[in-house]
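Chemist: Got a sequence here, can you model it:
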Amino acid sequence: MSRYTIIITSVLMILSGINPVQAQFKTTGQPTFAEYLADKGEDEPEAYYANQVTDTTIKYQNPTTALFKSMFIPGLGQIGNHKYIKAGVIIILETSLIASLVHYIDKASTAKDAFEATTDLTEKTSLFQEYKVAKDDRNRFSWYTATVIFLSMFDAYVDAHLAGFPKYDKKLSVDMSSEKELDLALKFTYRF
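Modeler: Below you'll find the model as predicted:
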């Protein structure tokens, strides 16, 4: 695995919000979700985020606007969504990838010009290999850059779309209960 693959994978994990997991295991003494809803009184607060009302007083960024902002200026869509750490990571990553891409474009262009200018067959062979390596690096960094821009665009879009939803404070919930005595169910819920 190349170091660029490791760096990009690490950044994508950070962007997706993978944090240390907090698990909540359900024991047999606790009620199931269905039992909780059946026993719940009318005056109890809404405990699950799916039952909470969305806050309509806060103004959020239009998802399409966030997508196009992030397409043209690195991290601008995330800044509009108030995700400043993501924006910083995206700005640094996209800027470094674009700088590397420009470097390899220049290197490939210089190698191609040197290859076309020489007439010596031995030198032409070595210059062609140099051009081929530079061209492969240019193409690889083109794909890296395009992938990161694509992911940042749709990250900004999804964040803007989900910005008004109620927040849920548990990262991982594990329900190890059964509705019947013979059935055993294991349910994982992970929020990222």
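
Chemist: use CA for all of it now, contacts and neighbours both
Modeler: Fine.

Chemist: Which helix in this structure has the most residues?
Modeler: Longest helix in the chain, counting residues (DSSP state H): helix 121-161.

Chemist: Please identify the buried residues of stretch 102-110?
Modeler: His103, Tyr104, Ile105, Lys107, Ala108 (16 or more other C-alpha atoms under 10 Å).

Chemist: Quick check: mean pLDDT of the longest helix of the chain?
Modeler: Across helix 121-161, pLDDT averages out at 91.

Chemist: With distance to Arg140, pLDDT and secondary structure added, can I get the buried residues of stretch 102-110 in JSON lines?
Modeler: Below are the buried residues of stretch 102-110 laid out as JSON lines (distance: C-alpha to C-alpha, whole Å; pLDDT from 0 to 100; DSSP: H, G, I helix; E, B strand; the rest coil):
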{"residue": "His103", "distance to Arg140": "12", "pLDDT": "93", "secondary structure": "helix"}
{"residue": "Tyr104", "distance to Arg140": "10", "pLDDT": "93", "secondary structure": "helix"}
{"residue": "Ile105", "distance to Arg140": "11", "pLDDT": "92", "secondary structure": "helix"}
{"residue": "Lys107", "distance to Arg140": "14", "pLDDT": "92", "secondary structure": "helix"}
{"residue": "Ala108", "distance to Arg140": "12", "pLDDT": "91", "secondary structure": "helix"}
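
Chemist: would you list every one of the strands in this structure?
Modeler: 23-25, 172-175, 187-190 (DSSP state E).

Chemist: Compare the mean pLDDT across those and name the weakest.
Modeler: Comparing mean pLDDT across these, the weakest is strand 23-25, with a mean of 41.

Chemist: which ones are touching Ile90?
Modeler: By C-alpha atoms under 8 Å, 6 or more residues apart in numbering, Ile90 lies in contact with Pro74, Gly75, Ser152.

Chemist: Out of the residues you listed, which is nearest to Val158?
Modeler: Closest approach between the contacts of Ile90 and Val158, by C-alpha to C-alpha: Ser152, at 9.9 Å.

Chemist: Could you tell me how far that closest one is located from Thr118?
Modeler: Using C-alpha to C-alpha, to the nearest Å, one obtains 43 Å as the distance from Ser152 to Thr118.
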